[in-house]
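> Below are the sequence and a predicted model for it; my questions follow.
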Amino acid sequence: MTDVTIKPLRTYEDRGEIRKRGGEAYTAPSSLAKELEARGLCEIVEDSEPTEEKAGKKTTAKPKE
């Protein structure tokens, strides 16, 4: 199970903790994040799953002069 970072849009209770509108972003399991997002309670601000673009590209560092 992968985790994502979410930010509350409305006040709700998540696993015994009150998350307030405009509160700090926090990490949650992606399945829970999708459920909360579908209910309009949060937004996903960072997906920790690598995208194809990120996973397929290698970065090359320029040599220092």
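Done, it's in.
> Tell me where this protein has strands.
Here the chain has its strands, by DSSP state E, at 3-8, 12-14, 17-19, 26-29, 42-47.
> can you put the ones you listed in TSV and add mean neighbour count?
Yep, even glycine has a C-beta here, placed from its N, CA and C like the rest. Output for the strands of the chain, formatted as TSV (neighbours: other CB atoms under 10 Å):
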stretch	mean neighbour count
strand 3-8	19
strand 12-14	14
strand 17-19	13
strand 26-29	15
strand 42-47	16
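> and those, which one is worst for confidence?
With a mean of 91, strand 42-47 has the lowest mean pLDDT of those.
> who touches it?
Outside strand 42-47, the residues that touch it by CB atoms under 8 Å, 6 or more residues apart in numbering are 4-9, 12, 19, 25, 30, 33-34, 36-37.
> for the closest residue to Ala25 other than its chain neighbours, what are its contacts?
Computed as CB to CB, 6 or more residues apart in numbering, the closest residue to Ala25 that is not its neighbour in sequence is Lys7, at 4.2 Å. Listed by CB under 8 Å, 6+ apart, the contact partners of Lys7 are Gly23, Glu24, Ala25, Cys42, Glu43, Val45.
> Also Arg10?
Contacts of Arg10 (CB under 8 Å, 6+ apart): Arg21, Gly40, Leu41.
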